[in-house]
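Student: can you look at this prediction? I've put the sequence above it.
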Amino acid sequence: MLRRAAQLQQVITRVRSRGREDGAALLLADDAVAPVRLAGIGSDRAARRFLERLTALGAVRELTGRPTFRLYGL
């Protein structure tokens, strides 16, 4: 988990998003995060795109394996 947290800290600087620091802090604080909880990012769509970018960069994982109501975590 420490390795994934360090990877998130490294990758978050490359992501251009309005509430990226708050989003990273929430991901580090909780085991699983729904995009709805990332209110500081902007809209629900912006939060989903933010988490999908972090997933593509290998910083977070999608935990549910479902097409809707996804949960993300380290």
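Tutor: Done, it's in.

Student: from here on, contacts and neighbour counts on C-alpha atoms
Tutor: Will do.

Student: and the residue nearest to the spatial centre of the chain, what element?
Tutor: Centroid check for the chain by C-alpha atoms, centre = their mean gives residue 51 as the closest residue, at 3.9 Å. Assigned by DSSP states H and E, residue 51 belongs to helix 44-56.

Student: just list what the helix or strand following that helix packs against, helices and strands only.
Tutor: Using DSSP H and E, the helix or strand that directly follows helix 44-56 along the chain is strand 61-62. Under the contact definition 3 or more C-alpha pairs under 8 Å, 6 or more residues apart in numbering; DSSP states H and E, strand 61-62 sits against strand 72-73.

Student: contacts for the strand it packs on, please.
Tutor: Contact with strand 72-73 is made by 27, 30, 31, 32, 33, 34, 51, 60, 61, 62, 63, 64, as judged by C-alpha atoms under 8 Å, 6 or more residues apart in numbering.

Student: by neighbours, which of those wins?
Tutor: Neighbour counts for the contacts of strand 72-73, by other C-alpha atoms under 10 Å, peak at residue 51, which reaches 26 neighbours.
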